[in-house]
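Colleague: 3D, please:
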Amino acid sequence: MPALTADVAAVLVAKTARTFCYGFLGIVLPVYLGELGVSTWGIGVAVTLTLAGSAVLTWLVRRPAERFGPRAPLLALVALSAASALLLLGSSWAPLVVLAAIIGNVAVGAGETGPFLAIEQVVVARAVPPDRRTHVLGLYNFLGYGGGAVGAAAIGLAPGYRTMFLVFLGAALLQAIAYGRLRVGAAPARRTETAVSSAPLIRRFAALFAIDSFAGGFVIQSLVSYYLYRRYALELDTLGLIFGVAQILTAVSVLLAARVASRYGLLPTMVVTHLVSNVALITIAAAPDAATAVALLFLRQLLSQMDVPTRQAYVMAVVADHEREAAASLTNLSRTIAQAITPALTGWVMQTVAFSAPFVLGGGLKIVYDVLIWLTFRNVQLREDA
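Modeller: Sure, this is the predicted structure:
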């Protein structure tokens, strides 16, 4: 792979630092809130509010990114992360802990959505040639999942919550240094000779990604970890190791995604791997013991995120360059809003229907998404520069 540009290297450093913190925060915050007296339904509401905050931030950063370039909005987001860490360090009152998660855009799932991703994937798309885009996005996601894996595995090494919150603050400072080195400019002006707008395609992407993300809200990492914690009485350090391994498997899979896509195509890779992983997800609901549930979770993680770099590359490849901010922002916004709806519903389902029901609901809806995404885009051609 050719040498990475300074802008891509800065994004990769920031991504790794951020997702390292998400790796432990996504697991410990629900448990922490439970220890502060918040109910299962209340934890679901807290996750919903966190995702809603992420959706708002995703909507707010699009225009500044288009007008001024990525540096200023990314630095503003990092400032909010630092404020979030300070709130967590300064208070153990549950409402303030939830507020900290909201303004800090704390990821509550194995994969990241939200404002950082919306800006960073455009930086990567513009900084590398089209034939290397999927590979570099694979590396970007590999470092994200790898950082999350190490963060999750490190939970058992931390002497307490305060240490983890201090690390979160330090990571925000590291991100600020990395983003301060960005030199990429604003979006290119709209070309008058462009005959066809990508807007209809972007709307279709947003609608279908919303279905996938709504389904994913039933099985986000924070609630899956809480499920394993309650159903099988697993300890916090054990959960950290489990999700550390899961993140490693995911990280490996996103590196393999580029090779698979180069042979079979972006869209087939997205659909087939995702569909098989959702069968494994549904089966978790019937797992008789912790070992079986964890094995199925590992299988699911090995396949489910292979669609991430391929999906990002596919979106960037079918829209015009000047529309990439709009595509990245709208698709990430729709995913985040849709995912924000389900955690509160999940808490209610777990309490009143069946504790394992979210796996069936989430997996079933995701299979519907897989079929629809194939039927909708199987005849769409990539642009000439992709």
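
Colleague: can you map out the helices along the stretch 51-200 of the chain?
Modeller: 71-90, 94-103, 115-127, 133-153, 161-179, 199-216 (DSSP state H, counting those that start in this stretch).

Colleague: how about the ones you listed, which one is nearest residue 290?
Modeller: Evaluated over these, closeness to residue 290 peaks at helix 133-153, with 16.8 Å, by C-beta to C-beta. From N, CA and C alone the C-beta is placed, and that goes for glycine too.

Colleague: Could you list every helix and strand in contact with the closest one?
Modeller: helix 6-35, helix 115-127, helix 236-264, helix 307-318 (3 or more C-beta pairs under 8 Å, 6 or more residues apart in numbering; DSSP states H and E).

Colleague: ok, now with 10 Å
Modeller: Counting contacts by 3 or more C-beta pairs under 10 Å, 6 or more residues apart in numbering; DSSP states H and E, helix 133-153 is packed against helix 6-35, helix 115-127, helix 161-179, helix 221-231, helix 236-264, helix 307-318.

Colleague: any idea of the angle that helix forms with helix 115-127?
Modeller: Computed by axes from the mean of the first three to the mean of the last three C-alpha atoms, to 10 degrees, the angle separating helix 133-153 from helix 115-127 equals 150 degrees.

Colleague: on that earlier part again, now render the helices and strands packed on helix 133-153 as JSON lines, adding mean pLDDT, distance to residue 208 and mean neighbour count.
Modeller: Output for the helices and strands packed on helix 133-153, formatted as JSON lines (pLDDT from 0 to 100; distance: least, C-beta to C-beta, whole Å; neighbours: other C-beta atoms under 10 Å):
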{"stretch": "helix 6-35", "mean pLDDT": "91", "distance to residue 208": "25", "mean neighbour count": "23"}
{"stretch": "helix 115-127", "mean pLDDT": "89", "distance to residue 208": "17", "mean neighbour count": "25"}
{"stretch": "helix 161-179", "mean pLDDT": "96", "distance to residue 208": "31", "mean neighbour count": "19"}
{"stretch": "helix 221-231", "mean pLDDT": "84", "distance to residue 208": "22", "mean neighbour count": "22"}
{"stretch": "helix 236-264", "mean pLDDT": "85", "distance to residue 208": "19", "mean neighbour count": "20"}
{"stretch": "helix 307-318", "mean pLDDT": "87", "distance to residue 208": "10", "mean neighbour count": "25"}
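
Colleague: Out of those, which is closest to residue 43?
Modeller: helix 6-35 (5.0 Å).

Colleague: related to what we said a few turns ago, JSON lines for the helices of the stretch 51-200 of the chain, including distance to residue 36?
Modeller: What follows is these, written out as JSON lines (distance: least, C-beta to C-beta, whole Å):
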{"stretch": "helix 71-90", "distance to residue 36": "12"}
{"stretch": "helix 94-103", "distance to residue 36": "5"}
{"stretch": "helix 115-127", "distance to residue 36": "27"}
{"stretch": "helix 133-153", "distance to residue 36": "21"}
{"stretch": "helix 161-179", "distance to residue 36": "11"}
{"stretch": "helix 199-216", "distance to residue 36": "26"}
